[in-house]
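Student: After the sequence you'll find the predicted model.
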Amino acid sequence: MNDKEHLEQEEIFSQVLRAGRRTYFFDVRATKADDYYLTVTESKKFTHDDGSFHYKKHKIYLYKEDFVEFNEMLKAATDYILEEKGEEVISERHQKDFKKPSELNHEETSSTESFTDVNFEDI
């Protein structure tokens, strides 16, 4: 590997966020002109039936000229989610008794569909 390629690969600053099966890497790297940019990588672990596993990775590159707008939009989106849904995690994965609204409606209909209306005057 020559010096130029090494400079492109060098991590200036790095942080790791482990979140269940996902890991997020925030890496500051240098351009050829020795300016900095950010890469955000999501790595997700997949396990096969035989116990072996592999990782799928997705990466985005953020350059300084986009930082302000990116931060504003990220903050607006995360604030919206927290205002609308709160900080509690609502998902099938995190709550054993979680039911989708469509499942709740189906249970209500199922229980009333099996009910037989009896008129006691007929007895």
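Tutor: Structure's in. What do you need?

Student: Quick one: the strands in this structure, in order.
Tutor: 11-19, 22-30, 36-47, 53-63 (DSSP state E).

Student: CSV please, covering these and showing mean pLDDT and mean neighbour count.
Tutor: (Glycine included, C-beta is placed from N, CA and C.) As requested, those are exported to CSV (pLDDT from 0 to 100; neighbours: other Cβ atoms under 10 Å):
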stretch, mean pLDDT, mean neighbour count
strand 11-19, 93, 10
strand 22-30, 95, 15
strand 36-47, 94, 14
strand 53-63, 94, 11
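
Student: surely Y55 meets E42?
Tutor: No: the pair Y55 / E42 is not scored as a contact, 10.0 Å apart, by Cβ atoms under 8 Å.

Student: By residue count, what's the longest helix in the protein?
Tutor: The residue-count maximum for a helix in the chain (DSSP state H) belongs to helix 67-85.

Student: Contacts for that one next, please.
Tutor: Residues outside helix 67-85 that contact it (Cβ atoms under 8 Å, 6 or more residues apart in numbering): L38, L62.

Student: can you give me the angle that helix makes with strand 53-63?
Tutor: Angle of helix 67-85 versus strand 53-63, following axes from the mean of the first three to the mean of the last three Cα atoms, to 10 degrees, is 120 degrees.

Student: Check the gap between Y24 and K44 for me.
Tutor: Taking Cβ to Cβ, to the nearest Å as the measure, Y24 falls 10 Å from K44.

Student: And F53, by the same measure?
Tutor: Distance from F53 to K44, by Cβ to Cβ: 10 Å.

Student: who touches H58 in this structure?
Tutor: Here H58 is in contact with T41, E42 (Cβ under 8 Å, 6+ apart).

Student: separation between it and K64?
Tutor: Going from H58 to K64 by Cβ to Cβ gives 22 Å.

Student: Then D34?
Tutor: D34 is 13 Å from K64, by Cβ to Cβ.

Student: ditto for Y55
Tutor: Noted for Y55: a distance of 29 Å to K64, by Cβ to Cβ.

Student: now swap in F53 and tell me
Tutor: 36 Å.

Student: just L38 next, same as before
Tutor: Counting by Cβ to Cβ, the gap from L38 to K64 is 9 Å.
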